[in-house]
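Peer 1: predicted model follows, preceded by the sequence.
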Amino acid sequence: MTDPMKRPIFSILSILFTVLAAQVAEADVPVSTNTVYITEVQSNPRGSGTDDAEWIEIHNTSTTGASIGGWQIQDYVGGSDPARISTTSWVFSSTLTLSGGEVIVVAKSATAFENIFGYLPSFELASASPNSTITPDLTSVNGSSVFALSNSSTGDAVVLKDATGTVMDAVEWGTLNRDVPGLPAGRPGDGDSLLRVALTGTSNADFIVATTPAPFIGYGANVPPIIRDIEIRPSVATFGSDFGVTATVTDMEGIAEASVYLTTATSSSGPALMPYQQISMTSTVANAYYFRGPLDNLASGLGFNEPQTFHEQYVRVFLYAEDVALAISTVPAEASELAENENYIWRNVVPAAPVTVEMARQQNTAGEMLYRNHAVWIKGRATSSPSTFRNDRINFTLQDGQSGIAVYATDISVPAFSEGDQIAVKGVLDQYYGLTQVSGRSLSVEVIEESNEKIEPARVTISELLANAEEYESRLILIEEVDFESPVSVWAGDGPGDGSNYVITDGTGNLSVRVWKDIDLVGTNTPSKKFAIRGVLSQRSTDGPNGLSAGYQLWPRGADDIILATVPQPDAGMPEDPDSGATTPGADAGTTTAEPDAGFQEAPRPGEPPVASDDCSCALSSPTQTKTPLFGIMLVVAVLWARRRKI
């Protein structure tokens, strides 16, 4: 039998032995030897329709081989639940080994990747269409074969797991902090990538946004300088003003040179007028570089005369950086100093005075804008105030002669003005769902002249309007004798998109009317009979951002634009009753005929009822029954006088 006093001592010794054994075992566990990392991700390849070109770069940073057999790639689910990791895993073959320093690239589609970079990735997803017959596939397990790297404001994440499901590396970006270690990196822009520059284990420290993606370079190699945050000012390059370029340039080895290359041209495409000239940029703050010079003479021999319109003269630019280890990069990628270089950023040079709205609206035979994305300086008379239709943004129209154009911006301030004021606008031409407009982050609005002059609307039928809708777009319109296609009792503004749509007809056709929630028409009763309606013709085509054949809408600016038919009134110039205040011939012009004695009654004619006396409480049937003409009184007096003389 065991001594009871010895049991506690035995228990304590057992615990101490267990702890010591665990410490020894822990000391024998090797430190993680993972050398395989995600080193670059591109979630937003440049241009629309390029999502299939998304790719991930993986680098074995060791000098010896590393097995990644059965390893998996997983992304996160976007949409309503962006924090949830996808159930789908994309798995490498069970025998795959990366040699020392080897870099591989996995693309969503090998064909799409090749279209951008000119060479094939290491792997593509088995779901790629068309599927490359040369590039090996990664197959999916436990999911729907969906892989999509989101570049929304909340971002996304990619995780690299080993064959047991243990997370070996991860990168996240955007504003949403997922269950990935550390904080997310910044969200890349169109055509940018996330490039690894450190190994701390948190995305915001390990990855930077790179404007020049470099698949197959890997981590730790002499990565070319990163050129980002490029700004060209002003957005509307005006002859006679300064022209500037700023950028952030970073490199782990250090920057040896940062330059801007400039040339001129007479169009936005095709060869330049001369080879590009290199001009060194100045740096006053770490990693920040700039160039500024007069637009009409940017460099020796690089200048032009003042243009007469906004599409005669162009400046072309690309940026160049070189690090101390001689690695170079350009933005756009693969730019060269040759006049034939097709990789550049361009700005058109506008004259030193505004052009007409008609010039800005020029279109081809298909109705497409000729000068979309061109800067422009125009002027015209406002057909509405800055925020007539929406209180939360700038949205108004200008009219110059027989041409109108929309002006749109958010998050900017403009001076107050009213309908009829002369306004000058600088901005960039665009076409949004078919609507031609001047917009842009740097939109500027100036009041040239205040005026009460109202713009006369174009009076048209609906059929006439729709037959030449582009000519009437953004102009003030008046349509008469209209009615609702279906009965409407109240003008509401609570429909989708902060407004309500109604269909009107004038017998020649139908037209949509858009009532925005912020105008004073909202909540008032609709006309019960036919009416006239005035407003600005706008467009939101169902054919897409550049659709030109549908979606025209009339936008009334307020209650004053609904014009009711007037009821005809009696002619105010009709002569009065000759008995009511007519002057007696020969009498003083200041005297009028007296009313006959109210107690005098004419004898009734045979067969007629007696005339009501003053004692009757009934109203007389006619005002003429209350008075006797003067001539009749005189006649009666004369007859009585004659009879008396005979007597």
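Peer 2: Cool, got the structure.
Peer 1: is the closest residue to Asp506 other than its chain neighbours within a helix or a strand, and which one?
Peer 2: Using C-beta to C-beta, 6 or more residues apart in numbering and skipping residues adjacent in sequence, the residue nearest Asp506 is Val482, 4.7 Å away. Any C-beta I mention is one placed from the backbone N, CA and C, and that applies to glycine too. Using DSSP states H and E, Val482 sits within strand 476-484.
Peer 1: what sits up against that strand?
Peer 2: 383, 399, 404, 455-462, 465, 502-507, 511, 526, 529-537, 554 (C-beta atoms under 8 Å, 6 or more residues apart in numbering).
Peer 1: check which residues of that strand are buried.
Peer 2: Of all the residues in strand 476-484, those buried under the rule 16 or more other C-beta atoms under 10 Å are Leu476, Ile477, Leu478, Ile479, Val482, Phe484.
Peer 1: what strands flank it, and is each parallel or antiparallel?
Peer 2: Partners of strand 476-484 in the sheet, by DSSP bridges, are strand 458-459 (parallel), strand 499-505 (antiparallel), strand 531-539 (antiparallel).
Peer 1: isn't there a strand covering Met359?
Peer 2: No: counting by DSSP: H, G, I helix; E, B strand; the rest coil, Met359 falls outside a strand, being helix.
Peer 1: need the pLDDT of it.
Peer 2: What the model reports as pLDDT for Met359 is 95.
Peer 1: hang on, the earlier thing: of all the buried residues of strand 476-484, which comes closest to Ile519?
Peer 2: Leu476 (15.1 Å; C-beta to C-beta).
Peer 1: Glu470 falls within a strand, correct?
Peer 2: No: counting by three-state DSSP, Glu470 falls outside a strand, being helix.
Peer 1: nearest residue to it in space, please, no chain neighbours.
Peer 2: Distance criterion C-beta to C-beta, 6+ apart; nearest residue to Glu470, sequence neighbours excluded, is Gly367 at 5.9 Å.
Peer 1: equivalent analysis for Met359, please.
Peer 2: Thr309 (6.2 Å).
Peer 1: can you tell me how far that neighbour is from Gly118?
Peer 2: Look at Thr309 and Gly118: by C-beta to C-beta, to the nearest Å, they are 38 Å apart.
Peer 1: low-confidence ranges, the stretch 401-550 of the chain, go.
Peer 2: Scanning the stretch 401-550 of the chain for pLDDT under 70 picks out the ranges 544-548.
Peer 1: could I get the full set of helices for it?
Peer 2: Along the stretch 401-550 of the chain, counting by DSSP state H, counting those that start in this stretch, helices occupy 462-467, 469-472.
Peer 1: nearest to Trp377, out of the ones you listed?
Peer 2: Using C-beta to C-beta, these put helix 469-472 closest to Trp377, at 22.4 Å.
Peer 1: low-confidence ranges in this structure?
Peer 2: Along the chain, segments meeting pLDDT under 70 span 1-33, 47-49, 78-83, 144-146, 151, 544-548, 566-647.
Peer 1: identify, by residue count, the longest strand of it.
Peer 2: strand 435-449 (DSSP state E).
Peer 1: tell me which residues are up against it.
Peer 2: Residues contacting strand 435-449 (C-beta under 8 Å, 6+ apart): 234-236, 360-361, 369, 376, 378-379, 386, 394, 405-409, 412, 414-415, 417, 421-432, 473-474, 538-541.
Peer 1: touching, Ile504 and Ile533? I think so.
Peer 2: Yes: using C-beta atoms under 8 Å, Ile504 is in contact with Ile533, at 6.7 Å.
Peer 1: my guess is Ile85 contacts Asn142. True?
Peer 2: No: Ile85 lies out of contact with Asn142 (C-beta under 8 Å); the separation is 11.3 Å.
Peer 1: between these two, what contacts are shared?
Peer 2: With C-beta under 8 Å, 6+ apart as the test, Ile85 and Asn142 reach no residue in common.
Peer 1: picking that back up, overlap in contacts, Ile504 and Ile533.
Peer 2: Ile479, Val482, Val513, Leu554.
Peer 1: dump these into TSV; add distance to Glu54 as well.
Peer 2: Formatted as TSV, the shared contacts of Ile504 and Ile533 follow (distance: C-beta to C-beta, whole Å):
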residue	distance to Glu54
Ile479	50
Val482	51
Val513	43
Leu554	43
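Peer 1: closest to Thr166 among those?
Peer 2: Nearest to Thr166 among those is Val513, at 61.9 Å by C-beta to C-beta.
Peer 1: quick check: beta-bridge partners of the closest one?
Peer 2: Tyr502, Leu554.
Peer 1: just give me the neighbour total for Ser235.
Peer 2: Neighbour count of Ser235, defined by other C-beta atoms under 10 Å: 16.
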